[in-house]
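> predicted model, plus sequence, below.
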Amino acid sequence: MIFSVQPVEHRFFGWRIVAAAFTVLFVVYGVQFSFGTFVGDVVADTGWSENRLQLIFAIYIGLYSALSAISGWVTDRMGPRPVVAVGAVLLTGGYLLWATADSIFVVAIGMAVVAPLGMSCSWVPCNATVVRWFVVRRGYATAIATAGGSLANILVPPIAAVLVSAYGWRIAILAMSLAGGVCMLLSSIVLERDPEGIGQQPDGRLAPRVNPGEDLLEGMTPAEAWRSRTYWKIFGMYALTFVAVFVPFVHGVQFAQSLGASLQTASTVISAIGIGGLLGRLIMGPVSDRIGRKNAVMLALLLETVSFLGMAATNTLWLLYLSAVTFGFAYGGGVVVFPPLVADLFGRAHAGSIVGRIFATAGAMAAIGPYTAQVLRDALGNYRWAFLLSGIANGLALILATRLPRRAEHS
């Protein structure tokens, strides 16, 4: 009697990677987007300066963006598991310092030093890992992973508000940071650097084979990418759009109030952006797999330009809400295409380092826009010039996007 032994097929691990990345981004951005929920009670309870708290938060955003260049580089070399695990400990530690602080100096140490170190171990490492696991469905997979951040924008701040009302801001921050840190730490266990490391292939066994050299792990090194014109086109494109991206988040509520909305109604402008962002990620990711990353990012930038021009021209709340949803959709769509675009053009081998470098430098531009918008508002009495200039910046980004190549440079 002859027995034939068939090899055991292992279920494709890539979707577990996506689920882990979704969880990490949900918890880290959920706590971050709740900052505004805590501030009022913190100031009322402690007497600390709101301006100083806002400055600490601005430093936090700028520093974790800059540190993403390092976390991306480390992810390429050590894999995402230790990076995200260390990030979980540091991010939780930073928020715990804030929750237990008896002086604003301790808050600054926690939120302007420790927490940014941890936060930098989230977006770039997670997205760089997801794009290593997929080629054919890269946009779809990245869309699901990054949707965690948008969903957190919608769901977590109301939960934070309930916790603050019931237990106070210290308990709220304590509970959310500990729960988020545990979820982030457990998710890190699942993360594997690439499918080849555990004997699998991108997209799973049923995925069509790619042409040799099209998406191999031999892709361009960061130094080679740095010397590429395409790298600087992508950098310029995202720098121009990121410089304006926080303007609606920071000033949207005040702009709505200037149109006659109550505070409660005006606050829903941020929710409208969040809903648009979730739809943008879930739709534009899969669409980019079909129409190509270049066409997808051009569409996103076109919609973002139109949305800012709509905000600049609006005199009614309905047009503001329409513009806010459009902006969220375009921003979500543009961000979700970013890591797949880099992996498509430069390969998977050093995706973390290259995405991290661009995010660290272009993303840091996001700190400029809200401050400039406030200066223009104080000087001119309204936000229209701020929104108009934001639209112009995105229009210039769109022009750069038209100059991107459609095919990989490393093939």
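Yep, it's here.
> how about the residue minimising distance to the centre of the chain, what does it touch?
Residue closest to the average C-alpha location in the chain (CA atoms, centre = their mean): residue 123, at 5.9 Å. Applying CB atoms under 8 Å, 6 or more residues apart in numbering to residue 123 gives the contacts 25, 28, 68, 149, 359. For glycine as for every other residue, the C-beta is placed from the backbone atoms N, C-alpha and C.
> out of these, which is nearest to residue 257?
Closest to residue 257 out of those is residue 149 (26.4 Å), distances taken as CB to CB.
> secondary structure element for the residue nearest to residue 126 when sequence neighbours are not counted?
Nearest-residue entry for residue 126: residue 21, 3.9 Å, with adjacent residues in sequence omitted and distances by CB to CB, 6 or more residues apart in numbering. Assigned by DSSP states H and E, residue 21 belongs to helix 14-33.
> residue 315 too?
Remark: residue 315 resides in no helix or strand, with elements defined by DSSP H and E.
> ok, it touching residue 259?
Yes - assessed by CB atoms under 8 Å, residue 315 is found in contact with residue 259 at 7.0 Å.
> who has more neighbours, those two?
residue 259 (14 against 8; other CB atoms under 10 Å).
> distance check, the more buried one against residue 376.
17 Å (CB to CB, to the nearest Å).
> who's in contact with residue 151?
Residue 151 neighbours (CB under 8 Å, 6+ apart): 26, 278.
> secondary structure element for it?
helix 138-167.
> that older thread, now for the residue nearest to residue 126, how many residues are close by?
Neighbours around residue 21, by other CB under 10 Å: 30.
> follow-up on the earlier one: next secondary structure element downstream of the helix holding residue 151?
helix 169-190.
> give the buried residues for that next one.
The neighbour-count check on helix 169-190 (16 or more other CB atoms under 10 Å) flags 169-170, 172-174, 176-177, 180-181, 183-185, 187-188, 190 as buried.
> check stretch 391-401 too.
391, 392, 393, 394, 395, 396, 397, 398, 400, 401.
> list the contacts of the helix or strand where the second one lies.
In this structure, residue 392 sits in helix 384-401 according to DSSP H and E. Contacts of helix 384-401 from elsewhere in the structure, counted by CB under 8 Å, 6+ apart, are 233, 236-238, 240-241, 243-244, 247, 251, 294, 297-298, 301-302, 304-309, 311-313, 369, 372-373, 376-377.
> and that helix, how far out from the chain's middle?
20 Å (CA atoms, centre = their mean, to the nearest Å).
> got the CA coordinates for that helix in CSV?
Below are the C-alpha coordinates for helix 384-401, written out as CSV (Å, rounded to 0.1, in the frame of the first residue of the first chain):
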residue,chain,number,x,y,z
ARG,A,384,-11.3,82.5,4.5
TRP,A,385,-7.7,83.3,3.5
ALA,A,386,-6.5,80.4,5.6
PHE,A,387,-8.8,78.0,3.7
LEU,A,388,-8.0,79.6,0.3
LEU,A,389,-4.2,79.2,0.9
SER,A,390,-4.8,75.6,2.0
GLY,A,391,-6.6,75.0,-1.3
ILE,A,392,-3.8,76.5,-3.3
ALA,A,393,-1.3,74.3,-1.5
ASN,A,394,-3.3,71.2,-2.3
GLY,A,395,-3.6,72.4,-5.9
LEU,A,396,0.2,72.6,-6.1
ALA,A,397,0.4,69.1,-4.6
LEU,A,398,-1.9,67.9,-7.4
ILE,A,399,0.4,69.3,-10.0
LEU,A,400,3.3,67.4,-8.5
ALA,A,401,1.2,64.2,-8.4
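> how near is the residue nearest to residue 197 when sequence neighbours are not counted to residue 277?
The shortest distance from residue 197 to any non-neighbouring residue, by CB to CB, 6+ apart, is to residue 79 (7.9 Å). According to CB to CB, residue 79 and residue 277 sit 29 Å apart.
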